[in-house]
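sequence and predicted model, in that order:
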Amino acid sequence: MRPLASRMSVMTGEGALSVYGHAKELERQGRSIIHLELGEPDFHPAAPVNEALKLAIDQGKDRYCAIAGVPALREALAVYLRETRNITISPGSVVIAPGCKIALFMAMMALIDPGDEVLYPDPGFPGYASITLGLGGVAVPFTLAERNQLQPDPDEIAPKITPRTKIIITNSPGNPTGTVYADQVQRHIAELAVKHDLLVLSDEIYARIIYGGTYHSMLSYRGMPARTVLLDGFSKSFAMTGWRLGYAVAPAHIVEALELLVMNTYTSVAEFSQYGAIEALRDREGATDRMVGEFAKRREQFISDLNRVPGFRCLPPEGAFYAWVNIEDTGLSSEELCRIMLEEAGVAAIPGAAFGEAGTHFVRFSFASSMVTLKEAVERIQRVATAWQHAPVSR
Ligand SMILES: Cc1ncc(COP(=O)(O)O)c(C=O)c1O
């Protein structure tokens, strides 16, 4: 048999999805599992969103449609981004994709040549390094360290920029740390991008899920509209993970490249779901704020409960819905700890190394589950904590 393309051996999967597979297998064997591994809100879209989708189907909006997305959705996104992110973009700069991930993939496909260097956050979303490597690029991590409150450090990034550097990927609020990049950090990154003529891929999928302060999009900094691809979607802010809807906002020449990629792949996103998405953006019932309000309560409770588990240490995240817990003081590796939590306590979480080397002593829990579920998860963990509480420290 002929071998697979060599890129397949350098790309990686996602820790969340493999832990989910294992947890599901245990469930099939009759075990009770609390799923805190997936980044999926336990909410569903507001009723008017579903109604708009149904109406669109009834009206026959089930055809191939505009490559970059239906004009009404691209217009609605321009309004939405002005109202929620204070940025001015033209509807023509939007390309709708079946998920933020696909928008990210296409942007990287359009921009990365073999040998190009891509700076990305570590710990970070696994696709950043995986896709870079798959395209023959060089993935260069910058660290989100606890000593910097999990913020990127522009003084670490600057010396990593070489003549081969083409892209900086930013992700605020970030997965898995929940870091909302500080204004001065983003400004500094923007200045570096302008100085070295770099492109910025700004993954803003969690932009609406913040617990205070004002959100600043990378697009709002001087010189950035010409060199930024903003990536976002409906999965997190509107609890529409299964709808598979995302988008990119990009300068004109990149929009053209993305359209070419759309033509070569999915042709257009399902027309009816785009009409549902327009209704989601209108958000007449304030569904997003209500969901984020609920996440805020869970965050408060869950983080304080986790900090009471022996050997766990966790800063409250400023955004997204993940607890990023330093488990070094348990004396266990995060893989061993997650194995014990899953197999003995029935709590699924992800070893931090799945998000990069800097995640080695961490574990990620999603708190997009009900308060009752989160409380039970911590009780279960407390019950098995004796496994590490009295273990000799192996550091
Ligand atoms: C940082 C980040 N970007 C992108 C995505 C993918 O979003 P979508 O469901 O729109 O493909 C995720 C999902 O977990 C994410 O955490």
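Thanks, I have it. Numbering: from 1, shown residues only.

for Met240, give me its contacts.
Applying C-beta atoms under 8 Å, 6 or more residues apart in numbering, we find Met240 in contact with Pro45, Val49, Phe234, Gly276, Ala277, Ala280. Every C-beta, even on glycine, is put in place using the N, C-alpha and C of the backbone.

which one of those sits closest to the ligand?
Set against the ligand, the nearest of those by C-beta to the nearest ligand atom is Phe234 (7.0 Å).

is the ligand contacted by stretch 262-272?
No. Figure legend: stretch 262-272 not in contact with the ligand (C-beta under 6 Å from any ligand atom); closest approach 11.6 Å.

could you check how far the closest residue to Asn307 other than its chain neighbours is from Ile57?
Leaving aside its sequence neighbours, Asn307 sits nearest to Cys314 (C-beta to C-beta, 6 or more residues apart in numbering; 5.6 Å). To Ile57, Cys314 is 44 Å away according to C-beta to C-beta, to the nearest Å.

pick out whichever of these two has more residues nearby.
Cys314 (20 against 16; other C-beta atoms under 10 Å).

tell me the contacts of that one?
Shown in contact with Cys314 (C-beta under 8 Å, 6+ apart): Ile303, Leu306, Asn307, Ala323, Trp324, Val325, Asn326.

nearest to Leu192, of those?
Taking C-beta to C-beta as the measure, Leu192 lies nearest Trp324 of the contacts of Cys314, at 25.3 Å.

beta partners of that closest one?
Taking DSSP bridges as the rule, Trp324 bridges to Arg364.

distance of it from the ligand?
For Trp324, the distance to the ligand equals 13 Å [C-beta to the nearest ligand atom, to the nearest Å].

and for that residue, the neighbour number?
Neighbour tally, Trp324, other C-beta under 10 Å: 26.

of the contacts of Cys314, select the buried ones using a ChimeraX command.
Only the buried entries of the contacts of Cys314 go into this ChimeraX selection, using 16 or more other C-beta atoms under 10 Å:
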select :303,306,323,324,325,326
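
reformat the contacts of Cys314 as JSON lines; add pLDDT and distance to Glu156.
Output for those, formatted as JSON lines (pLDDT from 0 to 100; distance: C-beta to C-beta, whole Å):
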{"residue": "Ile303", "pLDDT": "98", "distance to Glu156": "27"}
{"residue": "Leu306", "pLDDT": "98", "distance to Glu156": "28"}
{"residue": "Asn307", "pLDDT": "97", "distance to Glu156": "28"}
{"residue": "Ala323", "pLDDT": "98", "distance to Glu156": "25"}
{"residue": "Trp324", "pLDDT": "98", "distance to Glu156": "19"}
{"residue": "Val325", "pLDDT": "98", "distance to Glu156": "23"}
{"residue": "Asn326", "pLDDT": "98", "distance to Glu156": "19"}
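
residue contacts, the residue lying closest to Pro98 once chain neighbours are set aside?
Ranked by C-beta to C-beta, 6+ apart and with sequence neighbours excluded, the top spatial neighbour of Pro98 is Arg244, at 4.3 Å. Applying C-beta under 8 Å, 6+ apart to Arg244 gives the contacts Pro98, Gly99, Ile102, Val269, Ser273.

helices - which of those residues land there?
Using DSSP state H, the members of the contacts of Arg244 that fall within helices are Ile102, Ser273.

can you name the two of the contacts of Arg244 that sit furthest apart?
Between any two of the contacts of Arg244 (C-beta to C-beta), the greatest distance is 13.7 Å, for Ile102 and Ser273.
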